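> 3D, please:
(one chain, ligands or ions: 1)
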Amino acid sequence: MTTWKLGDHTVNRIGFGAMRLDPATGVAVLRRAVELGVDHFDTAQFYGAANELIRTALSPYRSELLIATKVGPGTAPERGFYYAANATELRAQVDDNLRVLAVDSLDLVNLRVPDNSGSLADHFAVLAALRDAGVIRHLGVSNVRAEQLEEALTIAPVVCVQNYYSVDERADDPLIDLCAERGIAYVPFSSIVGASSAAVDAIAEARGASSHQVRLAWTLQRSPNILGIPGTGKIPHLEQNVAAGAIQLTPEELTTLTD
Ligand SMILES: NC(=O)c1ccc[n+]([C@@H]2O[C@H](COP(=O)([O-])OP(=O)(O)OC[C@H]3O[C@@H](n4cnc5c(N)ncnc54)[C@H](OP(=O)(O)O)[C@@H]3O)[C@@H](O)[C@H]2O)c1
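The predicted structure is shown next:
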C-alpha cells in the first residue's frame, strides 16, 4: 500500500472511517484493520459509540496509529445538527474527544463546517489556539470550498481537507489539484457508497472484484494526495477494501470511468 505523510505520521493511503461501526462488531473490525496495516482512523464524538470502540480496541495506541477526529457541528438537539458550534462548544467537543479517546492530545482535528460558503476564520482560530497550546497536533478542514481552505491557511497550517467526493461526484477536482500542489492530503468521504454505475460494475465483473473495490481503487488513483477512509461494520468488507489498494486500473479503464 502506498503512503502519505499526514502531519507527523506516515500513513497508508487506505484508512478507516468509523462512522458506520456497529457496537456489536466494532472492536473486532478495528483490531482486524490494524492487523491489515490500517493506521489512519477517522472518527468524531458525534458518531455514536465510535470513539468508545476505538479506545476499547486500540488503546494504548501504537505510535504508528493516527486518529483523526472532527468537531464543528453544533449538537443542541433543538437546533438540529448542521449549525456551527460556538467557541465554548468547540472547546467542549475537543475535550470530549480527549476524554473518550483517552489521550492527552489529539493527533488531528478537522473543523467540519456546516455551510461551505461562509467564513470559517473565527471557528478555525479557536482550534488554532488549541494547536498552539499543544492540545491538538494537526488541523484539517471539512466540507469546505477552496476559498475557505485559503482562509484557514492564513490562520494555521492545514494538513488535510475532508470533503464529499467519488467517481460520480467530482465537483472537487480543482480542489484536489490545489491540495496536491500545496502538499495537503485530500480525504474523500462517502467515496465508495455511491449510486450503482454500469461502467463501474462492468470493470468490477471483468476483474472479479466488487464495485466498491473499483470505486476505491479509482479514488486512490485520482491523485497521490488522496487518502481513503472507507467505512464498514463488517470484517469481510474491510478486507476487501484494504485489498483494493492493490488494484491498478488501466488507462483504458480510467478513461471509461471518467469520460
Ligand atoms: N466530514 C464529513 O462530513 C463526513 C461525512 C460522512 C462520512 N465521513 C467519514 O467518511 C467515512 C466514510 O463515509 P461513509 O461511511 O459515508 O461512506 P463509504 O465509506 O463510502 O461507504 C460506507 C458504506 O459502504 C458499505 N461498504 C463498505 N465497504 C464495502 C464493501 N467492500 N462491499 C460492500 N459494501 C461496503 C458499508 O456498509 P457495511 O457496513 O455493510 O459494509 C457502508 O454502508 C465515515 O466513516 C466517516 O468517518 C465524514
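
> so where do the helices sit in the stretch 1-150 of the chain?
Secondary structure of the stretch 1-150 of the chain (DSSP state H, counting those that start in this stretch): helices at 26-35, 50-58, 87-101, 121-132, 146-153.

> residues in contact with the residue nearest to Q148 when sequence neighbours are not counted?
Of all residues not flanking Q148 in the chain, L120 sits nearest, at 5.1 Å (Cβ to Cβ, 6 or more residues apart in numbering). From N, CA and C alone the C-beta is placed, and that goes for glycine too. Counting by Cβ atoms under 8 Å, 6 or more residues apart in numbering, L120 makes contact with L111, V113, V141, V144, Q148, E151, A152.

> Repeat that for I136.
V94, S105, L106, L108, V109, L127, L130.

> hey, what's it bridged with?
Beta-bridge partners of I136, counted by DSSP bridges, are L106.

> how close does it get to the ligand?
17 Å (Cβ to the nearest ligand atom, to the nearest Å).

> just I67 next, same as before
For I67 relative to the ligand (Cβ to the nearest ligand atom), the value is 11 Å.

> Give me the number of neighbouring residues for the residue in the chain that the ligand sits nearest to.
At 2.3 Å from the ligand, G17 is the closest residue in the chain, using Cβ to the nearest ligand atom. G17 sits with 26 neighbouring residues when counted by other Cβ atoms under 10 Å.

> wait, V242 sits on L36?
Yes. V242 lies in contact with L36 (Cβ atoms under 8 Å); the separation is 4.6 Å.

> how about low-confidence regions in this protein?
Along the chain, segments meeting pLDDT under 70 span 77-78, 80-82.

> which bits of it sit near the ligand?
Within the chain, the positions adjacent to the ligand are 17-20, 42, 70, 112, 142-143, 162, 189-193, 210, 212, 229-234, 237, 240-241 by Cβ under 6 Å from any ligand atom.

> Report how many residues lie close to L6.
25.

> Next, the contact list for it, please.
H40, L66, A68, L108, H138, V159, C160, A185, L227.

> Among the residues you listed, list the two that are farthest apart in space.
H138 and L227 (13.3 Å; Cβ to Cβ).

> neighbour-wise, which of those two wins?
Each of H138 and L227 has its neighbours counted (other Cβ under 10 Å); L227 has more, 24 against 21.

> so the more buried one makes contact with V38?
No. Between L227 and V38 there is no contact under Cβ under 8 Å: 11.1 Å.

> just the buried members of the residues of the chain next to the ligand?
17-20, 42, 70, 112, 142-143, 162, 189-192, 210, 212, 229-233, 237, 240-241 (16 or more other Cβ atoms under 10 Å).

> Helices of the stretch 151-259 of the chain, residue ranges please.
Using DSSP H, counting those that start in this stretch, helices in the stretch 151-259 of the chain cover 173-182, 198-207, 211-222, 235-243, 251-258.

> Reformat the ones you listed into JSON lines and put distance to S59 next to each item.
Below are the helices of the stretch 151-259 of the chain laid out as JSON lines (distance: least, Cβ to Cβ, whole Å):
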{"stretch": "helix 173-182", "distance to S59": "31"}
{"stretch": "helix 198-207", "distance to S59": "37"}
{"stretch": "helix 211-222", "distance to S59": "28"}
{"stretch": "helix 235-243", "distance to S59": "20"}
{"stretch": "helix 251-258", "distance to S59": "39"}
